[in-house]
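1. What follows is a predicted structure for the sequence shown.
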Amino acid sequence: MEGWDRNTKSALTQIPLLSTRAGPRDGAAWTQRLKEEYRALIAYTSMNKAGDNDWFRIAAANPEGTRWEGTCWYVHNLRRYEFALQFDIPVTYPATAPEIELPQLDGKTHKMYRGGKICLTVHFKPLWAKNCPRFGIAHALCLGLAPWLAAEVPILVDSGMVKHKDDEASSTES
Amino acid sequence: MEEELKSLLQDVESLQRSQTKSPDSIDEMQQKVVRIMNLAKTGASRRSKVKDMSAEVVDSNPYSRLMALQRMGIVENYERIREFSVAIVGIGGVGSVAAEMLTRCGIGRLLLYDYDTVELANMNRLFFRPDQVGMTKTDAAVQTLSDINPDVVLESYSLNITTVKGFEIFTESLKFQGSQKSGRSTGVDLVLSCVDNYEARMVVNQACNELGQTWMESGVSEDAVSGHIQLLVPGETACFACAPPLVVASGVDERTLKREGVCAASLPTTMGVVAGLLVQNALKYLLKFGQVSPYLGYNSLKDYFPTMEMRPNPQCSNLACVERQNEYIQTKPARDAAAKVKVEAEASAATEGPLHLENDWNISVVDDTEMETSNASSASGALPEGLTHELPSADKYPESLVVGEASPVVDDLEDLQRQLDALNAL
């Protein structure tokens, strides 16, 4: 965990760890896992709100809890950049991490796999593998997506690949 | 063909201008149309299906060189290849070439899985053509392969096997037996994994462990200069989840293993070599010739080809793998008996009586199997002096340490969903 900033580290220690090793095909055990996922997400979201560091919304998009959709945002130079967020729970979960997708950024950065899957290989996958099955969706957002946004959004904005929605509206009007 | 069409167009234009002498030029146009049709016919000349593989050496026989393997004494019955079904997961740099090799070998049936489309960035590898850009990889492959060998039954599955839905279709298609009768438990004889990521490999591993399906894994390193193939027989050899990934096992920082950025390098040569090694091993496994390699590495910088064997991990985190291992252990007496019968049959076939009448030095043949078992017992039990096991030899990992730690708070899924929704609405 060396190389991580203090805020991420302290947030991580406050997210409840999970204990059930179960994937979407494991029936009742998956329901148990899903409850733990919710508990961790609720804890992380309320922690962010309390610390005035709210940065995502996520909810299950199907009753089985195998697909999740929402939004995430990042503030750069006092402006808020918001992106749609989605992922599927893989059948081999939690042995393999969810592949988080930001479909709006597909093709705009090479730190991404096809379909807008953000690259987690270096900074996140080893951590996930070492902490299986204790890490869940909340941990993937905290340690996977958050650092990716912090590293990529400033570059995307400064290079003009991503425009703020106010600028986009005015440029199409003129 | 293009020239013909152009001149036809000119004729039509001139016809429009001068409508007086139309009958002649219409005749001319008709002839040209017939010529174009003939051209189109020759362009799409596909050979018809072949009912039986013939060993006859004539230019028109697509299988003469393959059937010659029988005459050379390499393969006992080559024609059996038409009974085999092979599933290839991942139709990329390795998978597409493997599919072409098996097609040219006259394999019975090929199932192709991929969710991607052909891109210009794929053109540094073999098989796909620039005019196929935009097609799904499976459809483009079926297009080319059915032209090369219409005898092969091709099935195209354009889907992502890591999703719950995709996995269902994947396992169902592997299980589907069809009308033909065979001794196998699934609908395929072998699964070849030619995917490019850990998640997909774990999914193929999961499916094959559950089905008890033998499969082969292949891979090319990100720097495009080394690769490997591996045979995985559920319960008998290590599964893909038996050994943890290097980063977990050794605790090294993965940044030392992988360079920054997502774009991996690839070479048509390395991919072709690995595809060749993979299909060669598959042919040896299916047609029963030579030795099937349990693992074969390829380091192209030093032209080094390491081989090794990997036993399954009794503490494997994949439950289906542990189940297959137990089944394999239970069938051990039957396997031993069969092996003994075979050895005895061979021994009785061999000439009886001593080769040499004199034996001044008391040289005798020691049974290999006895040596092996004594080695194995010393490896599992007492270690040589000076060596110690790093880890305790527990059969079960005590995983029930944290159970029931956080459970008593809220235990209703809908209630938890409502709580998260409420937070989201704020």
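-> Yep, that arrived.
2. For the rest of this, base every contact and every neighbour count on C-alpha atoms.
-> Fine.
3. who in chain A is up against chain B?
-> Contact residues (CA under 8 Å from any CA of the partner chain) of chain A with chain B: A:19-20, A:24-25, A:31, A:34-35, A:38-39, A:41-42, A:45-46, A:57-59, A:66, A:88-92, A:96, A:110-113, A:119, A:122, A:126, A:129-130.
4. Does the residue positioned nearest the centre of chain B belong to a helix, a strand or coil?
-> Central residue of chain B (CA atoms, centre = their mean): B:Leu192, 1.1 Å from the mean position. Three-state call for B:Leu192 (DSSP: H, G, I helix; E, B strand; the rest coil): strand.
5. all strands for chain A, in order.
-> According to DSSP state E, chain A carries its strands in the segments A:56-60, A:67-76, A:79-88, A:112-113, A:117-118.
6. Out of these, the one nearest B:Leu112 is which?
-> Ranking those by proximity to B:Leu112 (CA to CA) places strand A:112-113 first, at 21.6 Å.
7. deepest of the strands of chain A, which one?
-> strand A:117-118 (a mean of 22; mean count of other CA atoms under 10 Å in any protein chain shown).
8. who touches that one?
-> Contacts with strand A:117-118, where a contact means CA atoms under 8 Å, 6 or more residues apart in numbering or on different chains, come from A:99-103, A:106, A:111-112, A:145, A:148.
9. from the chain's centre, how far out does it sit?
-> Centroid separation for strand A:117-118 versus its chain: 10 Å, with CA atoms, centre = their mean, to the nearest Å.
10. what does stretch B:108-126 give?
-> Distance, centroid of stretch B:108-126 to centroid of chain: 13 Å (CA atoms, centre = their mean).
11. Show me the residue at the heart of chain A, geometrically.
-> What sits nearest the mean C-alpha location of chain A, by CA atoms, centre = their mean, is A:Leu141, with 3.1 Å.
12. Tell me who's in contact with it.
-> A:Leu141 neighbours (CA under 8 Å, 6+ apart): none.
13. can you do 10 Å?
-> Contact partners of A:Leu141, counting by CA atoms under 10 Å, 6 or more residues apart in numbering or on different chains, are A:41, A:44, A:56, A:58, A:72, A:98, A:100, A:147-148.
14. Repeat that for A:Ala29.
-> Neighbours of A:Ala29 in contact, by CA under 10 Å, 6+ apart: A:20-23, A:35.
15. per-residue pLDDT, it?
-> As predicted, A:Ala29 sits at a pLDDT of 94.
16. Next: B:Tyr304.
-> 96.
17. cool, and B:Asp11?
-> Note for B:Asp11: predicted pLDDT of 75.
18. Touching, it and B:Met29? I think so.
-> Yes: taking CA atoms under 10 Å as the definition, B:Asp11 is a contact partner of B:Met29 at 7.3 Å.
19. among the contacts of A:Ala29, which are in helices?
-> A:Lys35 (DSSP state H).
20. Mind putting the contacts of A:Ala29 into TSV with neighbour count and pLDDT?
-> Converted to TSV, the contacts of A:Ala29 look like this (neighbours: other CA atoms under 10 Å in any protein chain shown; pLDDT from 0 to 100):
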residue	neighbour count	pLDDT
A:Thr20	23	94
A:Arg21	17	93
A:Ala22	21	93
A:Gly23	22	93
A:Lys35	23	95
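21. okay, the contacts of A:Ala29 in TSV with distance to B:Leu296 next?
-> As requested, these are arranged in TSV below (distance: CA to CA, whole Å):
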residue	distance to B:Leu296
A:Thr20	36
A:Arg21	33
A:Ala22	33
A:Gly23	32
A:Lys35	44
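22. Kindly indicate which of the contacts of A:Ala29 lies nearest B:Val89.
-> Nearest to B:Val89 among the contacts of A:Ala29 is A:Gly23, at 21.9 Å by CA to CA.
23. wait, which of the contacts of A:Leu141 is closest to B:Val343?
-> Of these, the one sitting nearest to B:Val343 (CA to CA) turns out to be A:Pro98, at 50.9 Å.
24. which residue sits closest to the closest one in space, ignoring its chain neighbours?
-> Using CA to CA, 6 or more residues apart in numbering or on different chains and skipping residues adjacent in sequence, the residue nearest A:Pro98 is A:Ile89, 5.5 Å away.
25. Tell me the secondary structure at B:Gln280.
-> helix.
26. wait, it sits on B:Met101?
-> Yes: B:Gln280 is within contact range of B:Met101, at 9.4 Å (criterion: CA under 10 Å).
27. among the residues of chain A next to chain B, which ones are buried?
-> In the residues of chain A next to chain B, burial by neighbour count holds for A:19-20, A:24, A:31, A:34-35, A:38-39, A:41-42, A:45-46, A:57-59, A:66, A:88-92, A:96, A:111-113, A:119, A:122, A:126, A:129-130, counting by 16 or more other CA atoms under 10 Å in any protein chain shown.
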